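Participant: Here is my input; please provide its structure:
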Amino acid sequence: MRRKIPSTQALICFEAAARHESYTRAAQELALTQSAVSRQITALEDFLGMALFRRTRHGVALTPGGADYARQIARQLDTMERDTLDAMARQGLGGSLQLAAVPTFATRWLIPRLPGFAALHPDITVHIETRTRPFLFTDTPFDAALYAGTSAQTANWAGTQSTLLLHEDVVPVCSPALMAPRKQLSPAVVARLPLLQQSTRPDGWHQWFAAQGVDAPRARSGPRYELFSMLAIAAAHGLGMALMPRMLIEPELARGELVVACNRPLRAERGYFLVTPATRDERPALGLFRRWLIEQCVAGPAGTTT
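Facilitator: Numbering: from 1, shown residues only. Next up, the predicted model:
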């Protein structure tokens, strides 16, 4: 069946003219004449059956419908360009994966392990962008997402299926200087020290102290940071205690920049999931990545397996 899609040249001319709101500047960018750009856009308007621009005293301006269409077309052209560059780079071999990932998990857990995946599958290119909230796969170029949340949240993510990768066990950590000369602190002592908060999890400390049976009036007090990576740096510089998933601070623990102040982990409600579209056939590259990812989750700290 023939697709109802206008010519690529018409779309390119329209995107440039929409960006500049000028046929003349679009023509200069594309090395065309102004009349050629005008003809392409007129043909596109005839194809769509709608006006994309209106004439003004200073040239042209997008109609409301034209502005909406321009946003959609700009994104699709960007995707086409990226896919074309990927195909040119691979010379027909392997494939590429577009991943959305929560930032701290990507930088602290996934990326340090990616050399192992690259060694096994050098013909697969992995692209990563950060996303912290659910989205519609149909509106993005992503093949999969690495998401931090609860099972209920992933179950409510429309049009997707998910695989639990890791549970999130959190422990109190701090700078060694805050501990000296002690090796471990009781939960009651932790409650009296400055507590660093994560703004997206305001009840984290309250839940940890409740699990230890300790009254902590200041469990929700203290400076707030948005990301785990910020918490780790703040704790390493002696600003207070941070409640962190151990798997996200492996380098700091190994270097001695952070120490576990009280080795009583609490399994948080949240975990890390691989989320994929439920209605899309899994590409071979994604299948290989999924299997490798699950192996890494079973293996433990970075570097123990490839």
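
Participant: Report the spatially nearest residue to residue 257, omitting neighbours in sequence.
Facilitator: residue 236 (4.5 Å; CB to CB, 6 or more residues apart in numbering). Where you see a C-beta, it was placed from the backbone N, CA and C, and this is true even at glycine.

Participant: how much space is there between that neighbour and residue 183?
Facilitator: Here residue 236 is placed at a distance of 18 Å from residue 183 (CB to CB, to the nearest Å).

Participant: quick one: which of those two has more around it?
Facilitator: Under the criterion of other CB atoms under 10 Å, the comparison of residue 236 against residue 183 puts residue 236 first, with 21 against 10.

Participant: close enough to count as contact, the more buried one and residue 256?
Facilitator: No. Using CB atoms under 8 Å, residue 236 is not in contact with residue 256, being 9.9 Å away.

Participant: Go ahead and confirm residue 127 touches residue 96.
Facilitator: Yes. Residue 127 is in contact with residue 96 according to CB under 8 Å; the separation is 6.4 Å.

Participant: So in the protein, which helix runs the longest?
Facilitator: Taking DSSP state H as the criterion, the chain has its longest helix at helix 64-90.

Participant: what comes up buried for that helix?
Facilitator: 66, 69-70, 73-74, 77 (16 or more other CB atoms under 10 Å).

Participant: And residue 127 and residue 96? Which one has more around it.
Facilitator: residue 96 (19 against 14).

Participant: Is that one located within a helix, as I assumed?
Facilitator: No. Residue 96 is assigned strand when assessed by DSSP: H, G, I helix; E, B strand; the rest coil, not a helix.

Participant: where along the protein do the strands fall?
Facilitator: 53-56, 59-62, 95-101, 124-130, 144-149, 160-174, 197-198, 224-225, 242-245, 259-260, 266-277 (DSSP state E).

Participant: Switch those over to CSV; also include distance to residue 218 and mean pLDDT.
Facilitator: Below are these laid out as CSV (distance: least, CB to CB, whole Å; pLDDT from 0 to 100):
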stretch, distance to residue 218, mean pLDDT
strand 53-56, 60, 92
strand 59-62, 54, 91
strand 95-101, 33, 91
strand 124-130, 32, 92
strand 144-149, 26, 94
strand 160-174, 14, 94
strand 197-198, 10, 94
strand 224-225, 13, 96
strand 242-245, 13, 95
strand 259-260, 21, 96
strand 266-277, 18, 91
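
Participant: Deepest-packed of those strands, please.
Facilitator: strand 242-245 (a mean of 26; mean count of other CB atoms under 10 Å).

Participant: Show me what it is packed up against.
Facilitator: strand 160-174, helix 204-212, helix 228-236 (3 or more CB pairs under 8 Å, 6 or more residues apart in numbering; DSSP states H and E).

Participant: and the closest residue to residue 248 other than its chain neighbours, what does it touch?
Facilitator: With sequence-adjacent residues excluded and distances taken as CB to CB, 6+ apart, residue 248 is closest to residue 108, at 4.8 Å. Contacts for residue 108 (CB atoms under 8 Å, 6 or more residues apart in numbering) come out as 228-229, 248-251.

Participant: follow-up on the earlier one: looking at the helices and strands packed on strand 242-245, which is nearest to residue 45?
Facilitator: Closest to residue 45 of these is strand 160-174 (CB to CB; 37.1 Å).

Participant: Noted, bye for now.
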